[in-house]
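Peer 1: using only what follows, build the 3D model:
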Amino acid sequence: MPTTHAPTEALESDACYLAMKTHDARFDGSFFTAVTSTGIYCRPVCRVKLPRRENCRFFRHAAQAEAAGFRPCLRCRPELAPRANGAASWSTEDASRILALQAARLIDEPDAWAEDGPGAAQIAARLGVSDRHLRRIFEVQFGVSPLQYLQTRRLLAAKQLIADTRLPMTQVALASGFASVRRFNAAFLEHYGLNPSALRRAGGTQPDGEGGPARPIEVRLGFRPPYDANAMLGFFARRALRGIEAVSTADGKEPAKGSKPTYVKLSRTLRIQQGAQAHAGWLQLRFDLEREQVLLSVSDSLAPVLPIVISRARALFDLDAEPMAINAALHAAFPHGDGLRVPGAVDGFELAVRAVLGQQVTVAAARTLGSRLVEAFGEPLATPIDGLARLFPTPAAIAAASGDALGQLGIVRQRQTALHAIAQQVLDGKLALHAGADVPSTIAALQELPGIGAWTAQYIAMRALRWPDAFPAGDVALQKALGVSTARAASEASQAWRPWRSYAVLRAWHAPTASPSLSSPSPSSSSLPGADAAATALPLVTTAGLAA
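Peer 2: Got it, this is the predicted structure:
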């Protein structure tokens, strides 16, 4: 029987019970309800019969509920809930809390799940503290040890793969970070009292048989409302590179100029490099707004790295954002942007290259340059989706590209130098461009490269590093939207929006009062200028609809 001690982190129990009673999706993933009479823990959106108040215990994290002896609900499936580790502002919050949140972010990345991957000691070293200190502050913040937190992440990932896919159990075990099926079965049975195969039979999915065409894998990803799905898809539609991306409209037709189409689906190719092995394939993302979910379809070729694909898809659409906390800080200043999210990236290197190509040109021009680059240096890939036939060029391909070859694509010499520098740094392992990277040091490293200024570094931090507090204060378009004329004034105005300034930037760019013709070049040719900032902003929309 589960223990009934109080959760380690205080929660407003009555408010949690009310949210559970009303199935309020805004709180999904923000807490979990454990029921002592059943030994099960659920999401706030669970549709089972409401348990009695005295039988409920509330936990911030699934790992806390599991450490107390509760099992995940098979109906609402806690593994589908958006993650909720909060945002850390490096200058205004307690250092111990920041370290614990950063450690959790690193553990949340599937690369950390493998049993031969970075353990608590390696994560502590990366954060510059001792293993013992990390365990202490982690348990204070989350109520569980880093190992318990990691084990919950592995098991919930495995549970999702069992329920939603037809992958053989061996692949499920390996993809979830277990070294063997035996260890996987033992951990699953110990924590959940269930045999993985029995869980799959109960869910009605069966592993693929031998022979026959490989079918795509389909999983569901939860998010918290409000979410302006059309705005997000519209953002990617205007930047879609020929050969690797396609965004579909409701009627399947190319939208007329000046129209406000309804977008329904994003498709793209993807390469996942895992050690010395590369996995290539495609994915598709479609919104199910009624259920507050995104439907993710993935090619069978990406099955061995499915948790990584899921993590990157969540980052691409910013599905783990906490709109209640964000809107509490930003709604008064930007009342028309509550549903906007910060678009992410499936690959940090790709995003950095595209940011450089977008310097001092319009979005349309940047898209043309990017499409030429893909055609010239991207590897061919066979897919069943019209328009998807290539992968984005690798760092090795860009680093080896000659100046003449890049020049023939229309890429000027200064951009060539920047592209070569980024590619070589990534290739040498000196530059990490993903959500687990150290933000301050990565921004500093980027700005040391030729042709990379503060705007580009902040833009990469916003989208590739998933930093919620990025702020390109020198951007001309942003300054004009805020009604100031200097970077210092913009930075001072932004302090009230920390640690959510990335979202403030999006809302400022897309505010109804913002001018659609903000195209003045930045004084610094080494940073992404106001022209591209404005162009970057315009396709993402206000809640009133798509911009022109």
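Peer 1: report the buried residues of stretch 188-201.
Peer 2: By neighbour count on 16 or more other CB atoms under 10 Å, the buried set for stretch 188-201 is 188, 191-192, 194, 196, 199-200. The way it works is simple: take the backbone N, C-alpha and C, and place the C-beta from them, glycine included.
Peer 1: contacts made by it with the rest, please.
Peer 2: 66, 71-72, 74, 151, 155, 158-159, 162-163, 169, 172, 184-185, 206-207 (CB atoms under 8 Å, 6 or more residues apart in numbering).
Peer 1: now, of those, which are buried?
Peer 2: By 16+ other CB under 10 Å, the contacts of stretch 188-201 give 66, 71-72, 74, 151, 155, 158-159, 162-163, 169, 172, 184-185 as buried.
Peer 1: what is the nearest of those residues to F58?
Peer 2: Of all those, the one with the least separation from F58 (CB to CB) is E66, at 14.3 Å.
Peer 1: can you classify P82 by secondary structure?
Peer 2: coil (DSSP: H, G, I helix; E, B strand; the rest coil).
Peer 1: restrict stretch 291-302 to CA atoms and write it as CSV.
Peer 2: C-alpha atoms of stretch 291-302 as CSV (Å, rounded to 0.1, in the frame of the first residue of the first chain):
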residue,chain,number,x,y,z
ARG,A,291,-7.9,16.9,-26.3
GLU,A,292,-5.1,19.4,-25.9
GLN,A,293,-2.7,17.0,-27.7
VAL,A,294,-0.4,16.9,-30.7
LEU,A,295,-0.5,13.7,-32.8
LEU,A,296,3.0,12.7,-33.8
SER,A,297,3.7,10.3,-36.6
VAL,A,298,7.3,9.0,-37.0
SER,A,299,8.9,6.9,-39.7
ASP,A,300,9.8,3.4,-38.6
SER,A,301,13.5,4.2,-39.4
LEU,A,302,13.5,6.5,-36.3
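Peer 1: what pLDDT, on average, does it get?
Peer 2: The pLDDT scores in stretch 291-302 average 95.
Peer 1: what comes up buried for that stretch?
Peer 2: Neighbour counts over stretch 291-302 (16+ other CB under 10 Å) mark 292-294, 296-302 as buried.
Peer 1: show me what contacts the closest residue to V129 other than its chain neighbours?
Peer 2: Leaving aside its sequence neighbours, V129 sits nearest to L99 (CB to CB, 6 or more residues apart in numbering; 6.3 Å). By CB under 8 Å, 6+ apart, the residues touching L99 are 127, 129, 134, 137.
Peer 1: give me the buried subset of the residues you listed.
Peer 2: Among the contacts of L99, the ones that count as buried by 16+ other CB under 10 Å are 127, 129, 134, 137.
Peer 1: of those, which is the nearest to L316?
Peer 2: L127 (26.0 Å).
Peer 1: and the closest one, how far is that from V439?
Peer 2: Computed as CB to CB, to the nearest Å, the L127 to V439 distance reads 12 Å.
Peer 1: cool, and F392?
Peer 2: 24 Å.
Peer 1: more neighbours: which of the two?
Peer 2: Using other CB atoms under 10 Å as the criterion, F392 and V439 rank with F392 on top: 27 against 17.
Peer 1: circling back to that earlier point, which pair in the buried residues of stretch 188-201 spans the largest distance?
Peer 2: By the measure CB to CB, H191 and R200 form the most distant pair in the buried residues of stretch 188-201, at 16.7 Å.
Peer 1: among the buried ones among the contacts of L99, find me the one that's closest to L409.
Peer 2: Closest approach to L409 among the buried ones among the contacts of L99 (CB to CB): L127, at 40.7 Å.
Peer 1: go ahead and confirm that closest one touches A103.
Peer 2: Yes: the criterion here is CB atoms under 8 Å, and L127 meets it with A103 at 6.3 Å.
Peer 1: identify the contacts common to these two.
Peer 2: Joint contacts of L127 and A103 (CB under 8 Å, 6+ apart) are L134.
Peer 1: skip the chain neighbours and tell me the closest residue to the residue nearest in space to the middle of the chain.
Peer 2: The residue lying closest to the centre of the chain (CA atoms, centre = their mean) is A315, at 1.1 Å. Distances taken as CB to CB, 6+ apart place G344 nearest to A315, at 4.0 Å, with adjacent residues excluded.
Peer 1: return the residues in contact with the one you found.
Peer 2: 315-318, 463-464, 466.
Peer 1: mind redoing it with 10 Å?
Peer 2: Neighbouring residues of G344 by CB atoms under 10 Å, 6 or more residues apart in numbering: 232, 312-320, 351, 435, 462-466.
Peer 1: likewise for I452?
Peer 2: With contact set as CB under 10 Å, 6+ apart, I452 has these partners: 352, 355-356, 359, 417-418, 421-422, 443, 445-446, 460, 526-528.
Peer 1: list the buried ones in the helix or strand harbouring I137?
Peer 2: Here I137, judged by DSSP states H and E, is contained in helix 131-142. When neighbours are counted by 16+ other CB under 10 Å, the buried residues of helix 131-142 are found to be 134-135, 137-139, 141-142.
Peer 1: which is the next helix or strand following the lengthiest helix in the chain?
Peer 2: Assignment by DSSP state H gives helix 146-164 as the longest helix of the chain. The helix or strand immediately downstream of helix 146-164 is helix 169-175, counting by DSSP H and E.
Peer 1: show me the contact partners of that following helix.
Peer 2: 110, 113-114, 154, 157-162, 165, 167-168, 178-185, 187-188, 196-197, 200, 207, 303-310.
Peer 1: mind running it again at 8 Å?
Peer 2: Helix 169-175 is contacted from outside by 157-158, 161-162, 165, 167, 180-181, 183-185, 196-197, 200, 207, 303-307, using CB under 8 Å, 6+ apart.
Peer 1: residues of that helix that come out buried?
Peer 2: By 16+ other CB under 10 Å, the buried positions in helix 169-175 come out as 169, 171-175.
Peer 1: what of stretch 412-422?
Peer 2: Within stretch 412-422, the residues scored as buried using 16+ other CB under 10 Å are 415-422.
Peer 1: work out the gap between that stretch and the centre of the chain.
Peer 2: 27 Å (CA atoms, centre = their mean, to the nearest Å).
Peer 1: can you verify the residue nearest to V129 is assigned to a strand?
Peer 2: No: under three-state DSSP, L99 falls outside any strand and is assigned helix.
Peer 1: what's the separation between it and E492?
Peer 2: 28 Å.
Peer 1: where does the stretch 101-250 of the chain dip in pLDDT?
Peer 2: Along the stretch 101-250 of the chain, the parts satisfying pLDDT under 70 run over 114-119, 203-214.
Peer 1: and the buried residues of stretch 291-302, which is closest to R372?
Peer 2: Of all these, R372 sits closest to S299, with 25.5 Å by CB to CB.
Peer 1: next, the contact list for that closest one, please.
Peer 2: Counted by CB under 8 Å, 6+ apart, S299 has contacts 214, 216-217, 281-283, 383.
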